[in-house]
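S.K.: Next come a sequence and a model predicted from it.
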Amino acid sequence: MFRALLWKEWRQIGLVRWGGIALGVLLPFAFLAGAEFGTRGWLPTGLVERYSVADLMGELLPAVLALGLWPLMALMCTAQAFAGDRAVGTESFLLERPVGRGTIWRARLAAAAGSILAVMLMTVAFGIALTAATGSGSPNGWSSWRNYGGAGIATAFLAFLGGIAASSVAPPMAAVLAGAALGGAPILLGAQLSGAFPHATFGGAPIGALLCVLLLPAYVVASWAVASRGEPAGRGRLKRGGLILGGALAAILLLFVSGTPFAMRADAASGLHHVVPHASGRFALVVARGGYLDSGGWIVEVASGKRIAFAPPPILGAAWSPDGARLALVTASGALGSVKERARIEIRNGADGRVERTIEVPEERMVADLQWGSGKLIVVQRASSRSRLSRSFLEIADPATGSWASTGFHDDEWMQIVAGDPPFVRVPLLGVGPDGKNAYKAFRLRRIDVVGARVEEPMTDATGSIVDFGGATNGVSPSGRYARIKGRGDDIGASRLADLGRGVDLPHPDPAPWWWSAGDRMIWISSLDRRTRMFVASPGEMPRTLREWSDASVGIVPSPDATAFFVSVLPRMAGPMPGQGRPGPDPALFAGEAPAGAVPEEAVYRVSEDRWQVLEVFSTKPNDLRDTQWVGPKSLARMAPGTVYFEDIDAPGKKRFVLGGEEALR
């Protein structure tokens with residue numbers, strides 16, 4: 001019986017099926033004729049100077065077939081199969097036969113699916129053959145066929161499912177229009193949910209779009225329930241179908257509301273992470289690196305690795321108070337992954353993560369940087385309006401009252417705050433680069449009077465000359481006496497070491513950048529040929545070699561209190577050595593023997609004890625998506641995709657997992 005019904009439905013859809021195939025065959029000739037008419041000025045759209053057969057066959061034809069003809073045929077085939085008998089009045093006769101209505105529905109479904117499949121196969125075969133015959137199958141032409149083919153299958157599938165749902169209750173022409181609306185509904189609803197809740201994602205995919213896929217099986221269930229259940233006369237079929245589709249929509253919204261908070265946490269736990277530690281190592285903020293500080297994260301107790309509270313995305317900035325008791329968190333997060341128009345600063349308790357106070361950021365402003373100072377927040381606000389996009393303002397926020405105080409200081413460049421006692425604001429200086437355009441050359445430091453809400457004049461040395469600092473960090477030693485400078489006043493020259501207390505330059509044999517450590521000692525790495533060495537020196541003294549590696553890429557990261565340095569050594573990748581564009585070191589630095597290091601290798605150098613501590617290698621090769629950061633003065637955060645654990649350098653090998661587990665590291 002099923003085969004007889006299938007043959008009946010197949011013959012009934014035949015006119016639509018052959019019409020679709022005929023359209024697919026005629027379309028390329030219509031395009032060629034239209035293009036030729038255009039070159040002769042016979043079209044009302046105007047004269048076409050020239051046209052390309054390759055563009056017509058390799059670009060226009062696959063686009064029209066995939067995005068126009070196939071979904072249209074899917075709607076018409078389903079309308080004819082499911083609503084044709086009802087439109088001509090023969091459905092009641094068919095239902096009186098001794099055959100189950102479910103069998104009829106399956107026959108119609110198979111006939112409609114087979115018909116649209118036949119249209120797609122015949123038209124794509126003819127189009128590809130014609131493209132090859134006209135020599136239009138260049139690499140770009142065939143890639144268009146592949147790309148549009150995938151899009152066409154998806155749109156035809158959506159149109160097919162929407163069509164079977166609509167044609168089960170509506171007459172043919174209305175079913176075509178309603179089927180198009182139902183087929184596009186999952187895309188439109190998913191786009192709306194994704195746009196309104198951009199951070200509601202799981203595995204990088206919008207949760208709203210994922211849940212809207214549930215509408216597709218609901219279309220099939222609704223069509224089956226309408227055609228196979230209830231009274232044969234069809235009474236109440238619209239109500240049954242509406243209840244199923246409405247229930248599916250309600251289930252999607254309910255799942256979105258209830259599941260999004262859990263999915264956002266799962267999404268933040270996957271992938272790579274970044275740590276914002278407190279200097280004491282008491283607490284840390286572990287943030288997913290979906291967009292660096294633009295994702296969600298957790299406040300974590302370092303000693304136990306316990307996650308205290310989750311901060312939803314987007315996290316736009318963070319700073320710990322000097323005692324580690326409070327966290328200033330810049331966020332624009334709304335409910336269920338939405339984003340509010342105005343950012344705000346949340347003052348969170350470090351011990352339990354609760355929000356103690358919220359400070360609204362002024363309209364048309366964004367927070368570019370923030371630090372604590374004298375019990376208040378120093379904030380660099382950047383104008384977000386189009387007319388003043390580049391201007392930065394230094395403001396003071398009171399976490400106790402939520403009020404703002406303006407220092408009146410602003411600059412057109414990107415200012416940064418240098419935490420300390422007293423705090424400074426780092427203001428970049430521009431000079432003329434090799435290409436004749438403005439380029440970063442140095443920076444100046446201005447002391448911030450937090451209590452008085454004002455910014456002082458640029459920092460000077462003992463002679464009263466303004467200091468132009470160099471380097472990637474604040475450039476000043478912990479005591480404030482020594483600095484890496486690039487000139488004084490308006491004279492921007494080469495980098496050099498200076499004694500600010502005496503206002504004189506000091507000899508330094510290596511132009512490589514260095515880190516300041518406790519005790520005003522400099523730590524840096526430098527390369528000559530295939531050798532890389534790590535040095536330590538006090539200002540004005542000859543450097544001492546700590547270790548040497550061959551054919552290696554060496555990185556050093558200072559602890560928050562600059563008393564220890566994490567050293568990571570990996571095999572050197574092909575390409576230029578780091579710092580190849582700057583002047584080389586004094587070759588005398590590489591004379592003589594030096595303690596040899598291994599490749600790969602990871603170790604901690606304790607400056608005050610002048611002692612090396614070799615650790616188990618966590619990252620063994622470049623670009624292995626593993627990273628190590630300090631999470632306290634004596635604790636390291638080891639991070640791999642989906643995994644974060646803390647490890648004390650005094651007890652290496654003991655892992656306190658924050659995210660993931662041992663199995664994820666294998």
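M.R.: Yep, it's here.
S.K.: Could you check how far stretch 127-147 is from the centre of its chain?
M.R.: Put simply, stretch 127-147 sits 35 Å off its chain's centre (C-alpha atoms, centre = their mean, to the nearest Å).
S.K.: Could you pull up the mean pLDDT of it?
M.R.: What stretch 127-147 shows for mean pLDDT is 77.
S.K.: Tell me the spatial nearest neighbour of Gly540, not counting adjacent residues.
M.R.: Of all residues not flanking Gly540 in the chain, Leu506 sits nearest, at 4.7 Å (C-beta to C-beta, 6 or more residues apart in numbering). Heads up, the C-betas are built off the backbone N, CA and C, glycines and all.
S.K.: for the one you found, what are its contacts?
M.R.: 482, 496-499, 539-540 (C-beta atoms under 8 Å, 6 or more residues apart in numbering).
S.K.: cool, and Val536?
M.R.: Contacts for Val536 (C-beta under 8 Å, 6+ apart) come out as 517, 521-523, 543-544, 546, 607.
S.K.: In TSV, list the residues you listed along with neighbour count.
M.R.: Formatted as TSV, these follow (neighbours: other C-beta atoms under 10 Å):
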residue	neighbour count
Ser517	23
Arg521	21
Met522	22
Ile523	21
Pro543	23
Arg544	13
Leu546	19
Val607	18
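S.K.: for the residues you listed, which one is nearest Pro186?
M.R.: Ile523 (57.3 Å; C-beta to C-beta).
S.K.: Now do Ile116 against Ser194, distance only.
M.R.: In this view, Ile116 and Ser194 are 29 Å apart by C-beta to C-beta, to the nearest Å.
S.K.: Filter the contacts of Leu506 down to the ones in strands?
M.R.: Those of those mapping onto strands are 482, 496-499, per DSSP state E.
S.K.: Among these, which one has the most neighbours?
M.R.: Ala498 (26 neighbours; other C-beta atoms under 10 Å).
S.K.: who does the closest residue to it other than its chain neighbours bridge with?
M.R.: Leaving aside its chain neighbours, Ala498 sits nearest to Ile485 (4.6 Å; criterion: C-beta to C-beta, 6+ apart). Note on Ile485: beta-bridge partners by DSSP bridges are Phe469, Arg496.
S.K.: roughly how far apart are Ile485 and Asp561?
M.R.: Distance of Ile485 to Asp561, computed by C-beta to C-beta: 24 Å.
S.K.: which of the two has more neighbours?
M.R.: Ile485 (25 against 16).
S.K.: Contacts only, for that one.
M.R.: Applying C-beta under 8 Å, 6+ apart to Ile485 gives the contacts 442, 467-470, 475, 495-498.
S.K.: do the same with Ile252
M.R.: Counting by C-beta under 8 Å, 6+ apart, Ile252 touches 189, 211-212, 214-215.
S.K.: quick one: which helix or strand includes it?
M.R.: Secondary structure from DSSP states H and E places Ile252 in helix 237-269.
S.K.: Give the rounded mean pLDDT of the helix or strand just after that helix.
M.R.: Moving toward the C-terminus from helix 237-269, the next helix or strand (DSSP H and E) is strand 273-277. Averaged across strand 273-277, the pLDDT comes to 93.
S.K.: tell me the domain ranges of the protein?
M.R.: 2-267, 459-500, 507-625 (automatic domain parsing).
S.K.: would you turn these into JSON lines with distance to Gly324?
M.R.: Formatted as JSON lines, the domains of the chain follow (distance: least, C-beta to C-beta, whole Å):
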{"stretch": "domain 2-267", "distance to Gly324": "24"}
{"stretch": "domain 459-500", "distance to Gly324": "20"}
{"stretch": "domain 507-625", "distance to Gly324": "11"}
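S.K.: Mind putting the contacts of Val536 into JSON lines with pLDDT and secondary structure?
M.R.: As requested, those are exported to JSON lines (pLDDT from 0 to 100; DSSP: H, G, I helix; E, B strand; the rest coil):
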{"residue": "Ser517", "pLDDT": "92", "secondary structure": "strand"}
{"residue": "Arg521", "pLDDT": "93", "secondary structure": "strand"}
{"residue": "Met522", "pLDDT": "92", "secondary structure": "strand"}
{"residue": "Ile523", "pLDDT": "94", "secondary structure": "strand"}
{"residue": "Pro543", "pLDDT": "93", "secondary structure": "coil"}
{"residue": "Arg544", "pLDDT": "94", "secondary structure": "strand"}
{"residue": "Leu546", "pLDDT": "95", "secondary structure": "strand"}
{"residue": "Val607", "pLDDT": "92", "secondary structure": "coil"}
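S.K.: Name the nearest of these relative to Phe157.
M.R.: When the contacts of Val536 are ranked by distance to Phe157 (C-beta to C-beta), Ile523 comes first, at 61.0 Å.
S.K.: Isn't Gly431 up against Asn438?
M.R.: Yes: using C-beta atoms under 8 Å, Gly431 is in contact with Asn438, at 7.3 Å.
S.K.: Who has more neighbours out of these two?
M.R.: Just comparing Gly431 and Asn438: by other C-beta under 10 Å the higher neighbour count belongs to Gly431, 14 against 11.
S.K.: From Gly475, how far out is the more buried one?
M.R.: Here the criterion is C-beta to C-beta. By it, Gly431 lies 17 Å from Gly475.
S.K.: so what secondary structure elements neighbour the helix or strand hosting Glu602?
M.R.: Taking DSSP H and E as the criterion, Glu602 maps to strand 601-606. The contact analysis (3 or more C-beta pairs under 8 Å, 6 or more residues apart in numbering; DSSP states H and E) places strand 601-606 against strand 564-571, strand 611-615.
S.K.: Most tightly packed of those strands?
M.R.: Burial among the helices and strands packed on strand 601-606, expressed as mean neighbours by mean count of other C-beta atoms under 10 Å, is greatest for strand 564-571, which shows a mean of 21.
S.K.: Check what contacts the strand holding Glu602 and list those residues.
M.R.: 523, 534, 546, 549, 563-569, 597, 611-619, 628, 649.
S.K.: give me that answer again for 6 Å
M.R.: When contacts are defined by C-beta atoms under 6 Å, 6 or more residues apart in numbering, strand 601-606 is touched by residues 564-569, 612-615, 617, 649.
S.K.: Walk me through which strands it pairs with, and which way each runs.
M.R.: Counting by DSSP bridges, the strands paired with strand 601-606 are strand 564-571 (antiparallel), strand 611-615 (antiparallel).
S.K.: residues contacting Gly475?
M.R.: 469, 483-484.
S.K.: Just send the residues you listed back as TSV, with neighbour count too.
M.R.: As requested, the contacts of Gly475 are exported to TSV (neighbours: other C-beta under 10 Å):
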residue	neighbour count
Phe469	23
Ala483	24
Arg484	23
